[in-house]
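[1] 3D, please:
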Amino acid sequence: MRPLNLFAKAAVILSIFFMSAFAEGSFAEGSFVQVITPKENTLQTELTLNVVLGIDKKRLDAVEVGVFPDMKSLDLSRSESTACVNISLTLGENMVLVRAYKEGVLVSEESRSVYVSSQLYHQFRYPPKEYSKSYFHNDENEKLCAKCHDMSVNEVENVAFEDITKSNCYGCHKNINSQKYAHAPSANWLCTSCHQESKKGVSKYLTKEPMDASCFECHKENQELWSSAKYRHEPLDAGHCDKCHNPHSGPYSMFIRKDVNEICLGCHKSKDMETLQSQNSACAGTSYGSLCIDCHTPHASNRPFFLKKRFDEVKK
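    Numbering: from 1, shown residues only. Here you go, the predicted structure:
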């Protein structure tokens, strides 16, 4: 039998070393980090994402997570083998990267594709068919977090937290209220006022679909007013309040997802408002600071085109 050369001997020694290291933990061979969530080809509508990882801390010095170049470094000083971090996403396809380092050298990289859809943008309205919704809050996943987090719901119905950081939901989901305007139930961490549904084996804390059933539990007067109107705007009629409003927080008043005119023209792009204006239409167009809602109500009206006034009144 021919003796092994130096390279072969080194390979044998390294393989024995790594095999013994894998035997000590639950990580698959060749793996330094286990991505628990998100799953590959996850579909969602929020621009923030919780990434939950299993980490072999004995063999790593640093782990960073994010969508390049916006990467976050994890705190590995804690003894627990499970870690979580909240990252920001953009509309459309996102490649979430998980990079592990040893002594400054990249030793592994995992990736997951996440798609953020939006009904307000035609190009993001129809995600590729390989993407599907994935949920975290089931008994199996929650066991991984229970060592560090109290996974029970500790809110009292309709009673706001004096200290919102005391909500058991706050630690992982605090970024949902990071925008300028926060919706009252979300700002006060009354999460189960909307997240009441559950599907066994799939997830807890789901919202009712369509969402208007939850919205009208608080906004009863609006429901009565709009339901009696002759004309109802399609998003309202379909029960999709969250198409225009973010139920948690948003950069604009009333938690709308975009500037008013951007929302309207996102669906009505074929309506050239400036052309209508030049044709002596009643429409004031979108120039000179005019807003669509100056003349139109976005919800319901007894007048065609959801006008607030009659056409002859609008022209004056």
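
[2] If you tally nearby residues, what's the number for residue 306?
    20 (other Cβ atoms under 10 Å). (Glycine included, C-beta is placed from N, CA and C.)

[3] next one: phi and psi at it?
    Per-residue torsions, residue 306: phi 60, psi 30 (degrees, to the nearest 10).

[4] Domain map for this structure?
    Following automatic domain parsing, the chain resolves into domains at 31-134, 137-258, 260-316.

[5] And the average pLDDT for the longest one is what?
    Domain 137-258 carries an average pLDDT of 93.

[6] Span of it from start to end?
    One end of domain 137-258 to the other measures 29 Å (Cα to Cα, to the nearest Å).

[7] Phi first, then psi, for residue 59.
    Note on residue 59: backbone dihedrals following degrees, to the nearest 10 are phi -110, psi 10.

[8] wait, I meant residue 261
    The phi/psi pair for residue 261 (degrees, to the nearest 10) is phi -70, psi -30.

[9] That one and residue 304, how far apart?
    The gap separating residue 261 from residue 304 is 20 Å, by Cβ to Cβ, to the nearest Å.

[10] Residue 32 is in contact with residue 62, isn't it?
    No - contact between residue 32 and residue 62 fails when scored by Cβ atoms under 8 Å: they sit 11.0 Å apart.

[11] what is in contact with these two at once?
    Residues touching both residue 32 and residue 62 (Cβ atoms under 8 Å, 6 or more residues apart in numbering): residue 100.

[12] was I right about residue 188 contacting residue 160?
    Yes - the pair residue 188 / residue 160 is scored as a contact, 3.7 Å apart, by Cβ under 8 Å.

[13] Could you give the number of residues near residue 170?
    The local packing of residue 170 (other Cβ under 10 Å) involves 16 other residues.

[14] Regarding the spatially most central residue of the chain, what is its secondary structure?
    Nearest to the mean C-alpha position of the chain, counting by Cα atoms, centre = their mean, stands residue 46 at 2.0 Å. Using DSSP: H, G, I helix; E, B strand; the rest coil, the structure places residue 46 in coil.

[15] check contacts around it.
    89, 116, 176, 248.

[16] Whichever of those residues end up buried, select them in PyMOL.
    Buried residues within the contacts of residue 46, by 16 or more other Cβ atoms under 10 Å, are selected in PyMOL with:
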select buried, resi 89+116+176+248
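
[17] separation between the residue nearest to the centre of the chain and residue 163?
    For residue 46, the distance to residue 163 - Cβ to Cβ - is 25 Å.

[18] repeat for residue 134
    Residue 134 is 32 Å from residue 163, by Cβ to Cβ.

[19] For residue 36, which non-adjacent residue is spatially closest?
    Nearest residue to residue 36, sequence neighbours excluded (Cβ to Cβ, 6 or more residues apart in numbering): residue 52, at 4.3 Å.

[20] Looking at residue 188 and residue 160, which one has more neighbours?
    residue 188 (19 against 14).

[21] List the contacts of that one.
    So residue 188 contacts 160, 161, 164 (Cβ under 8 Å, 6+ apart).

[22] Then residue 223?
    212, 216.

[23] Repeat the analysis, applying 10 Å as the threshold.
    212, 215, 216, 217, 236 (Cβ atoms under 10 Å, 6 or more residues apart in numbering).

[24] Residue 239 is in contact with the first one, correct?
    Which is residue 212. Yes - with contact defined as Cβ atoms under 10 Å, residue 212 reaches residue 239; the gap is 3.8 Å.

[25] So between the two, which is more surrounded?
    Taking other Cβ under 10 Å, residue 212 and residue 239 do not tie; residue 212 has more neighbours (20 against 17).

[26] Please name the nearest non-neighbouring residue to residue 215.
    Residue 215 sits nearest to residue 241 (Cβ to Cβ, 6+ apart), 4.8 Å away.
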